[in-house]
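using only what follows, build the 3D model:
(one chain, ligands or ions: 2)
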Amino acid sequence: MKGLPDVKDLSMDSGVQQMLEKARAEGIETAFDRAIKMSQCGFGATGVCCKHCLEGPCRIAPNGKGAQAGVCGAGVDTIVARNFLGNVTEGTASHAEHAREVAHAILEVVAGKAPYTIQGVEKLKAVASGLGLSSEGKDTNQLAKEVADKAMEDFQKQHGTLNWLELRAQDKSKETWEKLGLLPVNAHLEIAKSLARQVMGGDADPANLLLGAVTMGLVDGFAGLHMSTDLQDILFGTPTAVKSQYRLGVIKEDMVNLSVHGHIPLLSEKVVEWAGKLTDKAKEVGATGINVVGVCCSGNEVLMRRGVPVATNYASQELPIVTGALEAMVVDIQCIMPGIQTVASCYHTEIITTLAYSKIAGATHVEFTAERADEAAKEIVLRAIANFPKRDPRKVNIPNEVTEAYAGFSVEQIVEALRAVNPEEPLKPLVDAIAGGQILGAVAIVGCTNPRKKQDHDNVALVKELIKNNVLVVATGCSAHSLGKFGLLSPEGLQYCGEGLRNVLTAVGQANGLPGLPPALHMGSCVDNSRVADLLVALANYLGVAVKDLPAAGSCPETHHPKALSIGTYFIACGVDVHVGVNPQATGSPLVVNVLTADKENFPVTTDGLFGGKLIYEEDPVKAAGLLIERIKQKRKALGLN
Ligand code: BF8
Ligand code: SF4
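Ligands and ions are numbered 1, 2, ... in the order given. Just a heads-up that it's a prediction; the model follows:
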């Protein structure tokens, strides 16, 4: 089509490219087209636009000309810091609600009101003990109830700090946060307080607003990420290494195809279970069976616990529909483009929303709660089956590529793999490899894809640069999906590693009966960034240092969601540098830029100085890898390593 960019410039994934061509030929608009049409506002892009009251909107011109304060007198630093806090609060609220939903479900389960059984008994005991609860003489349900009650306290208590912070934070980090008065009391209280301080006439001190963002980051980390992961492992079991497949080729022409999309595994687990039970019904309509495929973080959850293949990640979530062979896409919450309904209306695909507070006009709504999980999941799968005969064979075109990948590297699984090398001290081989320089350091690749960037490109390019330089990579979220599509979650990807890293991964893999470990270890969904933090705390405690001293960093090359900013803020508070490859909409304030991104040597007050971690904003993935490696080398030097 004239005037449109080549699809090869929009995504690295050839299946996605093929579907973009098909969509264009059929006159269907996708996120990639909308991203081209939608110009970005320069004021919004730099964070200088304020809409906090009806005297505005007010915006501050960047060149010092024109109004330099809003009608109320708020200056650019206050406006930008307040907007940044707003973004972090949105991300945090998403994760806190995710965790609370799972805690609520466990309480329903143990009361006999919801059809799940507690599968992660070992994890339950470990978490209970960490929370100071004795397992003695208690059955699984009793103990799970006590753990879920502790979780609920983190949304209710009025004194002290989060139980999950006490459970998961490193003591050294906690001391720093306590000294600065940043410890959160309960998640809901802090989220409400954050909204109250952002209101017109509220907090107008930019530095104080940024400290508020750090408290939000701690809520995100502990009452969001860690609590979600721990409770999900208790309910569904802790992931172990699993082999599966990636890319649109996982959609099967002869089967009823149903994709799970969103985040909270209460839904996706039940859909997978019912898909297994209703095969005969699918055969009655002429299909060979039911094929569940994953999209986004729900995809990660069922990939790592059930080996369910992944069709695609965030930016191309509309394209499984364009294959013409997707009977239904069932969604819960977060990262679900309303655009999927518009695309689905051109095919037989049924979009099914499931949460009362997250609907899409035109979609089917099947209310899903823990209590009616079986009933709802059965209805969803039956709806997908009923749609199979409605397929238009002339519209079916499924890309055929698939890529094999390994997922499910929970901390428990990583430790288990290392135990095959050193049964007494499993962390020793990893620490020795870091101390000896075979591994330079570690970087977690996290977060999204963004239709404004060539999909998967920066995630893959940054990782290739890191592993070439012997940096160990772990991955979560949609960036893990990018790596999976391009062979970096498979031992085949070892060819891209520097010699030191390749030797270590090969040796550990072979000790476990594999040709090698993959160059990037899939640790889960976005809430499972908690697993990354747990690994860092375990390594730091083993070495007797603070997390901030470790040669480690995080990177989100294709950022799109405010959740990425709340996760990033949590890691910065822990003393870990975080790179974003997309404008964080805060560059309009020199003060905010200096606090978040500058190093402590040159500026009096920075997150680097307070916590030991800073934000790095760099669009170019190879340059960004260079900056991360530079910081890793600085941290190695401070530890006395070469
Ligand atoms: O929580 S990685 S695009 S799906 S925000 Fe969204 Fe980003 Fe994907 Fe998962 Ni995370
Ligand atoms: Fe303008 Fe102040 Fe109102 Fe913001 S809070 S819109 S800067 S008057």
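
and the residue in the stretch 101-250 of the chain that ligand 2 sits nearest to, how many neighbours?
Closest to ligand 2 within the stretch 101-250 of the chain is M200: 3.9 Å, counting by C-beta to the nearest ligand atom. Glycine gets a C-beta too; all of them are placed from N, C-alpha and C. Residues contacting M200 under the criterion other C-beta atoms under 10 Å number 17.

helix, strand, or coil at the residue nearest to it when sequence neighbours are not counted?
Excluding the flanking residues, the one nearest M200 by C-beta to C-beta, 6 or more residues apart in numbering is C53, at 3.7 Å. Look at C53: counting by DSSP: H, G, I helix; E, B strand; the rest coil, its state is coil.

tell me the secondary structure of the residue of the stretch 101-250 of the chain closest to ligand 2, please.
coil.

isn't it up against K51?
No: between M200 and K51 there is no contact under C-beta atoms under 8 Å: 9.9 Å.

can you pull the contacts of the nearest residue to K614 once chain neighbours are set aside?
Of all residues not flanking K614 in the chain, D608 sits nearest, at 4.2 Å (C-beta to C-beta, 6+ apart). Going by C-beta atoms under 8 Å, 6 or more residues apart in numbering, D608 touches A598, D599, K600, K614.

the helix or strand hosting D608: what's the following helix or strand?
Assessed by DSSP states H and E, D608 sits inside helix 607-611. With elements assigned by DSSP H and E, the helix or strand that comes after helix 607-611 is strand 615-617.

could you say what helices and strands the helix or strand following that following strand packs with?
Counting by DSSP H and E, the next helix or strand C-terminal to strand 615-617 is helix 621-638. Packing partners of helix 621-638 (3 or more C-beta pairs under 8 Å, 6 or more residues apart in numbering; DSSP states H and E): strand 441-445, helix 457-468, strand 471-476, strand 552-556, strand 577-580, strand 615-617.

closest one to ligand 2 among the ones you listed?
Here strand 615-617 is closest among those (C-beta to the nearest ligand atom), at 24.1 Å.

in the stretch 251-400 of the chain, which spans are helices?
265-277, 279-284, 296-306, 319-322, 339-344, 373-387 (DSSP state H, counting those that start in this stretch).

list the strands paired with the helix or strand following the last one, with their directions.
Using DSSP H and E, the helix or strand that follows helix 373-387 in sequence is strand 403-407. As defined by DSSP bridges, the strand partners of strand 403-407 come to strand 242-246 (antiparallel).

can you give the contact residues for the partner strand?
The contact list for strand 242-246, computed with C-beta under 8 Å, 6+ apart, reads 303-310, 402-408, 481, 484-485, 489.

circling back: want to throw the helices and strands packed on helix 621-638 into a markdown table with mean neighbour count, distance to M216 and mean pLDDT?
Formatted as a markdown table, these follow (neighbours: other C-beta atoms under 10 Å; distance: least, C-beta to C-beta, whole Å; pLDDT from 0 to 100):
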| stretch | mean neighbour count | distance to M216 | mean pLDDT |
| --- | --- | --- | --- |
| strand 441-445 | 27 | 20 | 98 |
| helix 457-468 | 25 | 26 | 98 |
| strand 471-476 | 27 | 20 | 98 |
| strand 552-556 | 30 | 17 | 98 |
| strand 577-580 | 26 | 15 | 98 |
| strand 615-617 | 21 | 15 | 98 |
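
can you list those in CSV and add distance to ligand 1?
CSV is the format used below for those (distance: least, C-beta to the nearest ligand atom, whole Å):
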stretch, distance to ligand 1
strand 441-445, 11
helix 457-468, 10
strand 471-476, 7
strand 552-556, 8
strand 577-580, 12
strand 615-617, 17
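
redo those as JSON lines? Include distance to A325.
Converted to JSON lines, the helices and strands packed on helix 621-638 look like this (distance: least, C-beta to C-beta, whole Å):
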{"stretch": "strand 441-445", "distance to A325": "31"}
{"stretch": "helix 457-468", "distance to A325": "27"}
{"stretch": "strand 471-476", "distance to A325": "29"}
{"stretch": "strand 552-556", "distance to A325": "32"}
{"stretch": "strand 577-580", "distance to A325": "36"}
{"stretch": "strand 615-617", "distance to A325": "40"}
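
closest to S129 out of the ones you listed?
strand 471-476 (25.7 Å; C-beta to C-beta).

and the angle from the closest one to strand 441-445?
Angle of strand 471-476 versus strand 441-445, following axes from the mean of the first three to the mean of the last three C-alpha atoms, to 10 degrees, is 30 degrees.

so what does the helix or strand following strand 471-476 touch, helix or strand wise?
Per DSSP H and E, the first helix or strand lying C-terminal to strand 471-476 is helix 477-485. Applying 3+ C-beta pairs under 8 Å, 6+ apart, we find helix 477-485 packed against strand 242-246, helix 296-306, strand 310-312, strand 403-407, strand 441-445, helix 457-468, strand 520-524.

output the contacting helices and strands for the shortest one.
Packed against strand 310-312 by the contact rule (3+ C-beta pairs under 8 Å, 6+ apart) you find strand 242-246, strand 290-295, helix 296-306, helix 319-322, helix 477-485.

so what's C526 scoring on pLDDT?
Listed pLDDT for C526 reads 98.

can you pull the contacts of A480?
Contacts of A480 (C-beta under 8 Å, 6+ apart): N300, A407, I445, L489, A520, H522, M523, G524.
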